[in-house]
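Visitor: how would this look folded up:
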Amino acid sequence: MIKIRRFRRNRRSDRGSALLVSLMVIVGLSLLGLGFVAISETESAIAKNQQNALQTQAIAEAGAKVVVEWFQDPGWAETNAAMPQNSTAPAAIKPTRYVGQNPSCGSGSPGSCDYAGIYKASTTTKLCDKPYRPNNVDRFFGSENNPDIVINRTNDSAAIDAFNDKLLASDGATATALDKLAGEVTEIKLFAPPIVGGTLNTPGYWSGGMRYGVATIKVTAQQFQNPTNHTGVMASHSVRLVVGELPLPIPAGPIQGNANVSFGGNFRVHWGMETSRGDLTPSLNLTSLPWANAYERPHFEHGYEQGTGVASISLTGGGSGYGAAPVPSLTCNAPCVPGGSGFAATSTINGAGTVTAVTVTNPGSGYNAQYPPQVVFPAPGGPGVTATGVANVAAEVWPIASGSQFDDVDYFHELLAKDFQDPFYGARAYQDNMMDAAGGPTQCYPYSRGKDEQSNTDPSYAFQWQDSNIYSTKKKVVFPTIVYDYWKHITLSGRGYRGIYYFKYAGPGGAGPGNGTEPNPHGGGIQPKANFGGIGANGYIPPDPNIAVGKTDPSSGVGYIAGSLRISGST
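Guide: Numbers count the residues shown, from 1 in each chain. The predicted structure follows:
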């Protein structure tokens, strides 16, 4: 009995231990759950911040690209890209620039500066317009903290609002608070491009040095908790772009000549135009996508689309007893969706007075394809059965967008099953294009849809007399003017970036791709190697016809091909 009592007493002393362990486990799991909740909330906040940052970055990048267009065409930009007009813009957006190294410059003594004044002081000029040099009034000297032009909500809120309207407005007119939920542009700065070897003075403006570009653009976008009042900044992002002043237009194609260009043998040019500032004599007429005129190809993306007209009538019953072909019409009873007009059709009957076919003469428009109208046939004049049918809505129609000069033709079927040797080939000449022999119109073979573009005798991608810009028949053939020192600096700054080279003198026998400077006994320029055929840096064919092939111009150091570029044989 004593042993049994002791065992029971020991069992009673262990009571409650399971509860304690359970509580400890519950507390541990609760802490673990709270930790996971905290981590998930943190991750959610990080993801939200990342989203906000990406949204403001995208808006800043888009804004910076719009500002680039200010430099491309200031007249267009004033109307279409919200560039402030110089004649009406607040004076605060163009602070006075103090340029020079005199310590007194910018300290109340403008006379001690090399130059002091605002950008584009004359209100008759446009902001961002040429010339960019040599006048100080047209150049950018500022730094990021002291820009030449600064536009923000403090000094020109109307300009910032107009810019955001162009950039963000969903209705194409005014950007609402809903349009700005992802962010908006809050500041635009324009200042000097990267300058190597220059000096930044105390007022914050550059002088001297080598400029690499025209200007630097900095656009800042911010996202607000309250876009209407512009309070509570949640994210901010700035994008900087450098507007480069390249001394040449964008290459127009693989072959560019500054004089006459002719080919002997089967010489094929791929992926672009062959152009000549003189006469052009192509060797082959490669089949290519046609050009509607000197500026535009036909809009091949506009093909067929699903329409809202009646494509056809499917007979479900031909009826009987008709003495004359009945004229079908449409009615709209449930579940038909009301709408549509303009439908017209005729029918055909056989000798038994049965309707055998319906021809749609006008599909009309505005009918609902999912719930189309019902077809109604008039009853026969005597004994017989009324015909029945079903309307098939969604006739294929073109164009997708009407009214454009090149959107109203069935280009889809024209291109179907055709093979082009080089879709982007073309041939343009400043003077005569011999593809059609001497003389002829500006577009040697004017385009029309009925022509066979696979025919080498009737291409619409050959142009001549392209000596000016006159829409739509002439688009001027231009040729780059290469500045040797400029490309040399660009090459050196690229530190081996592939695709940009200059030539340096490498001793008797010619030149080679360079990354340093060496004297040239022929005048400080370059002497092309024979295997380059006299072509200078970047395949440059210069304008001076008085310098023979393989020679150099002492004043510019550029190698020349003079007269005609002639390539014989097959390539």
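
Visitor: So which residue is dead centre in the chain?
Guide: When the chain is reduced to its mean C-alpha position, the closest residue under Cα atoms, centre = their mean turns out to be K65, at 9.6 Å.

Visitor: Confirm that residue sits in a helix?
Guide: Yes. Going by DSSP: H, G, I helix; E, B strand; the rest coil, the assignment for K65 places it inside a helix.

Visitor: Report how many residues lie close to the nearest residue to it once chain neighbours are set aside.
Guide: Nearest in space to K65, with sequence neighbours left out and distances taken as Cβ to Cβ, 6 or more residues apart in numbering, is L241 at 7.6 Å. From N, CA and C alone the C-beta is placed, and that goes for glycine too. Counted with other Cβ atoms under 10 Å, the neighbours of L241 add up to 16.

Visitor: Between its first and last residues, what's the separation in stretch 329-339?
Guide: Stretch 329-339 has an end-to-end distance of 14 Å (Cα to Cα, to the nearest Å).

Visitor: on that earlier part again, got a list of what the residue nearest to K65 touches?
Guide: With contacts defined as Cβ atoms under 8 Å, 6 or more residues apart in numbering, the neighbours of L241 are A64, K65, V67, V68, T216, I217.

Visitor: ok, 10 Å please
Guide: Contact criterion Cβ atoms under 10 Å, 6 or more residues apart in numbering gives E61, A64, K65, V67, V68, G213, A215, T216, I217, K218, V219 as the residues in contact with L241.

Visitor: With distance to C332 and pLDDT as new columns, can those residues be given to me in CSV?
Guide: Listed next are the contacts of L241 as CSV, based on distance: Cβ to Cβ, whole Å; pLDDT from 0 to 100:
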residue, distance to C332, pLDDT
E61, 50, 93
A64, 53, 93
K65, 49, 92
V67, 53, 94
V68, 53, 91
G213, 65, 82
A215, 62, 91
T216, 63, 92
I217, 57, 94
K218, 60, 95
V219, 54, 95
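
Visitor: buried subset of these?
Guide: Among these, those classed as buried by 16 or more other Cβ atoms under 10 Å are A64, V67, V68, G213, A215, T216, I217, K218, V219.

Visitor: Next, work out how far apart the fourth one and R240 are.
Guide: Translated: G213. Between G213 and R240 the distance, using Cβ to Cβ, to the nearest Å, works out to 12 Å.

Visitor: What of the second one?
Guide: With the distance defined as Cβ to Cβ, V67 ends up 11 Å from R240.

Visitor: Can you pull the poorly scored residue ranges out of the stretch 401-550 of the chain?
Guide: Judged against pLDDT under 70, the low-scoring parts of the stretch 401-550 of the chain cover residues 401-415, 449-450, 453-454, 456, 480-487, 489-550.

Visitor: could you redo the last one with a cut-off of 50?
Guide: 401-403, 510-550 (pLDDT under 50).

Visitor: give me the element A45 is part of.
Guide: Taking DSSP states H and E as the definition, one finds A45 inside helix 17-72.

Visitor: Does that helix pack against any helices or strands, and if so which?
Guide: helix 74-80, strand 149-152, helix 157-168, strand 184-191, strand 215-226, strand 231-243 (3 or more Cβ pairs under 10 Å, 6 or more residues apart in numbering; DSSP states H and E).

Visitor: Report the distance from the last one to the chain centre.
Guide: Spelled out, it's strand 231-243. Centroid separation between strand 231-243 and its chain, computed with Cα atoms, centre = their mean, to the nearest Å, is 22 Å.

Visitor: Can you list the strands that the helix or strand just after it pairs with?
Guide: Beyond strand 231-243 on the C-terminal side, the first helix or strand identified by DSSP H and E is strand 255-257. Partner strands for strand 255-257, per DSSP bridges, with pairing direction: strand 273-276 (parallel).

Visitor: Provide the count of other residues in contact range of the residue nearest to D129 when sequence neighbours are not counted.
Guide: Using Cβ to Cβ, 6+ apart and skipping residues adjacent in sequence, the residue nearest D129 is P74, 4.4 Å away. Residues lying near P74 (other Cβ under 10 Å) number 19.
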